[in-house]
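> Sequence and predicted structure are below.
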Protein chains: 2
Amino acid sequence: MGDAAMPREHILIAYFEPLPPGLEEAIKAKFPNVDITTVILPRGVDVPSDVIQHATILVTFTNLPRPEDAHNSGIHGPPIAEWTLMNWLISSRKFITTYENQKKHHWDSITSYMNGMHDQVGKAVGILGYGSIGRQIGRAASALGMRVYAFTASPRLTPDSKRDRGYIVPGTGDADGAIPVSWHHGMDRESVRAFLSLGLDHLVVSLPLTPQTTHLLGEEEFRILSDAVSPQRPRPFVTNISRGKVFDQDALIAALTTGVLGGAALDVADPEPLPADHPLWEAPNCHISPHVSSLGKEYFPRSLDVLKENLGRMERGEELVNEYKRGKAY
Amino acid sequence: MGDAAMPREHILIAYFEPLPPGLEEAIKAKFPNVDITTVILPRGVDVPSDVIQHATILVTFTNLPRPEDAHNSGIHGPPIAEWTLMNWLISSRKFITTYENQKKHHWDSITSYMNGMHDQVGKAVGILGYGSIGRQIGRAASALGMRVYAFTASPRLTPDSKRDRGYIVPGTGDADGAIPVSWHHGMDRESVRAFLSLGLDHLVVSLPLTPQTTHLLGEEEFRILSDAVSPQRPRPFVTNISRGKVFDQDALIAALTTGVLGGAALDVADPEPLPADHPLWEAPNCHISPHVSSLGKEYFPRSLDVLKENLGRMERGEELVNEYKRGKAY
């Protein structure tokens, strides 16, 4: 390890406010042979060409030319998994009722709770898009006693192909892909429908938006999902942490209203922001958050953990984690 | 296995309404040599002496002469762990804000979410009373990337002493006691205070109410808990799934109001029901539910799973699970 082993890197950090104190200094102390430039840009604005042209590494928050690739980075697993679990449990444990009773200072009787609640033990969750986020959801679901079913675009038939090769937040995820009870794959609608007919109490959608995934889940898919689950069980609950357009949103509203689906947790909508007069806001047992499931105070420090990992790998001549492969849909 | 190996058992099932169809028949089909009597009693009423006198086994819901022993039975781990996680995440992921915004059909900006939320990775949870419920909380917390610290009344220095010997809902819990990063013990206040000074982001109280545990946690304990956590971290969050009187409730309200504690999830209160004019209802970031964290539609079927397990053990001449040991505090 020394100067000669590593070409001098120019890191450009784009953020919407000054970096938290000490972070840039910490990177510089660990890797004295890199140049670091910080640029403050309004949220969502493209990084200007003249600023980016000398950079060999871009570290950014909302200033990516391709923001839809941000979900590949491996840092979103924990917060999005926590957001997902939170919404499942709010629904299955009647938190809204509890909360509204507390506002009225009302200590409710146990009758409605006894029959209205259920737990997650033995429930089946299908994760459509078993990447870094889906794996942390799988890990947490498994700890609750659930069975996890994975779905990926390409087949994962060997132990090696099931491994997660990206950055993993320490202590989280499913590095070996060992958690799912079965693994399914396909790029076409029929493969997805076969997955939906496994008898899933939960469906989590963690796919990127592509032409193939646009409106992938509509009336027929929700019906297949529901019909496959025994009438004695609660109706399936769907979670969308992908993009709003992966769902046919009108079909989702109809499935919730008619009871084909038991509930939904949506961190995304079509369009965003969702207009105030949109009927999705009032769909039954539908929790909507404004595309914030990945956020939190750990976001920026964890992004720099990925950078530090890659700087170390570059010094050692190793393959980088989370490299964006241009032209690959997912 | 045969008639001779097992004395004829008389099971009395006490419940507040007729049993769900098929449950009694299922027990009878599996264990044809037991007698089963079902009695319907108002909730909370003691089982009358003349009804119980011929029973060798009592299966009951709210009609125990000693209802405070119900927490020993091993069936409460999953629902109470789910209730606990739900409340942590509602607090750390700002669900109340999200929910109130949804009611107003308001798609909020990300600014408040970026800095106001945090996740559980690397957080420390201390579980005061590492029994069957605490173990399932530990399992789930560990899956979120948290460090688990266990506390029990008696020392657990050998692998064998760390094992859970009770009934465990399949796929849940911590049978070997392998999850905690360290294990602490004691019956006195100083041992508890030493535990509270470990730097715990979360404290879960899962102790039975005894003379020693009454008002075990008060002003000084909350201060010790808070002072041990770095000022850069959120203030500690306390969860009470035990009994209201284990906390000095006035001290709890003060600690929440002054910011010594960051929040609380309480399934119990002092007294119950909590009067409408009690200040606890309005304590900051305090979630109160009416002693329902263990409930759900799985409650009764799971109770019968314990019965079935024990009937099998009796046939094989084995030690029973979840036997109530009279005179043992915890």
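Structure's in. What do you need?

> Give me every residue in the stretch 151-300 of chain A lying close to chain B.
Listed as neighbours of chain B in the stretch 151-300 of chain A under the rule C-beta under 8 Å from any C-beta of the partner chain: A:169-172, A:269, A:272-274, A:276-278, A:281, A:287-292, A:295-299. Any C-beta I mention is one placed from the backbone N, CA and C, and that applies to glycine too.

> Apply 10 Å and report the result again.
Within reach of chain B by C-beta under 10 Å from any C-beta of the partner chain, the stretch 151-300 of chain A has these residues: A:169-173, A:179, A:232-234, A:267, A:269, A:271-278, A:280-282, A:286-300.

> Mind giving me the ChimeraX command for buried ones among those residues?
The ChimeraX command for the buried members of these (criterion: 16 or more other C-beta atoms under 10 Å in any protein chain shown) is given here:
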select /A:169,172,173,179,267,269,274,278,280,281,286,287,288,289,290,291,292,293,294,295,296,297,298,299,300
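
> Can you flag which of the residues of the stretch 151-300 of chain A next to chain B belong to strands?
Per DSSP state E, strands hold the following members of those: A:286-288.

> Tabulate those (a markdown table), appending pLDDT and distance to B:Thr62.
Shown next, in a markdown table, are these (pLDDT from 0 to 100; distance: C-beta to C-beta, whole Å):
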| residue | pLDDT | distance to B:Thr62 |
| --- | --- | --- |
| A:Cys286 | 98 | 35 |
| A:His287 | 98 | 32 |
| A:Ile288 | 98 | 38 |
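
> now those in a markdown table, with distance to B:His118?
Below are those laid out as a markdown table (distance: C-beta to C-beta, whole Å):
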| residue | distance to B:His118 |
| --- | --- |
| A:Cys286 | 26 |
| A:His287 | 20 |
| A:Ile288 | 22 |
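
> Nearest to chain B, out of those: which one, please.
Using C-beta to the nearest C-beta, A:Ile288 comes nearest to chain B of these, at 5.2 Å.

> Kindly tell me how buried A:Ser132 is, as a neighbour count.
For A:Ser132, the count of nearby residues is 27 (other C-beta atoms under 10 Å in any protein chain shown).

> Grab the nearest non-local neighbour of A:Ile179.
Take A:Ile179 and drop its neighbours on the chain: the residue closest to it by C-beta to C-beta, 6 or more residues apart in numbering or on different chains is A:Gly138, 4.6 Å away.

> List the residues that contact the one you found.
Listed by C-beta atoms under 10 Å, 6 or more residues apart in numbering or on different chains, the contact set of A:Gly138 reads A:77, A:81, A:125, A:127, A:130, A:146, A:148-150, A:173-174, A:177-180, A:204, B:143.

> Break down the stretch 151-300 of chain A into its helices, ranges please.
Listed in chain order, the helices of the stretch 151-300 of chain A (DSSP state H, counting those that start in this stretch) span A:189-196, A:219-227, A:249-258, A:299-315.

> residues of stretch A:149-166 that come out buried?
For stretch A:149-166, burial by neighbour count (16+ other C-beta under 10 Å) applies to A:149-153, A:156, A:162, A:164, A:166.

> picking up where we left off before, when you check the contacts of A:Gly138 against the strands, which ones overlap?
A:125, A:127, A:148-150, A:204.

> and of these, the nearest to chain B?
A:Val148 (11.5 Å).

> which stretch of helix or strand covers the closest residue to the closest one other than its chain neighbours?
Spatial nearest neighbour of A:Val148, excluding adjacent residues (C-beta to C-beta, 6+ apart): A:Gly138 at 4.3 Å. Following DSSP states H and E, one finds A:Gly138 within helix A:132-143.

> re the thing from before, closest to B:Tyr15 out of the helices of the stretch 151-300 of chain A?
B:Tyr15 lies closest to helix A:219-227 among the helices of the stretch 151-300 of chain A, at 31.6 Å (C-beta to C-beta).

> angle of that closest one against helix A:249-258?
Between the axes of helix A:219-227 and helix A:249-258, defined by axes from the mean of the first three to the mean of the last three C-alpha atoms, to 10 degrees, the angle is 30 degrees.

> Show me how far helix A:219-227 is from its chain's centre.
A distance of 23 Å separates the centroid of the chain from that of helix A:219-227, by C-alpha atoms, centre = their mean, to the nearest Å.

> Nearest to B:Tyr113 among the ones in strands among the residues of the stretch 151-300 of chain A next to chain B?
Checking these one by one against B:Tyr113 (C-beta to C-beta), the nearest turns out to be A:Ile288, at 13.6 Å.

> Tell me the bridge partners for A:Ala265.
Per DSSP bridges, the residues bridged to A:Ala265 are A:Thr239, A:His287.

> can you pull the contacts of the spatially closest residue to A:Val121 that is not a sequence neighbour?
The shortest distance from A:Val121 to any non-neighbouring residue, by C-beta to C-beta, 6+ apart, is to A:Gly145 (3.7 Å). When contacts are counted by C-beta under 10 Å, 6+ apart, A:Gly145 touches A:119-123, B:77-78, B:81-82, B:136, B:139-140, B:169-173.

> 7 Å instead?
A:120-122, B:78, B:169, B:171-172 (C-beta atoms under 7 Å, 6 or more residues apart in numbering or on different chains).

> go on, A:Val238?
A:Val238 sits next to A:203, A:261, A:264 when contact means C-beta under 7 Å, 6+ apart.

> Just put the residues you listed in TSV and tack on pLDDT.
Formatted as TSV, the contacts of A:Val238 follow (pLDDT from 0 to 100):
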residue	pLDDT
A:Leu203	98
A:Leu261	98
A:Ala264	98
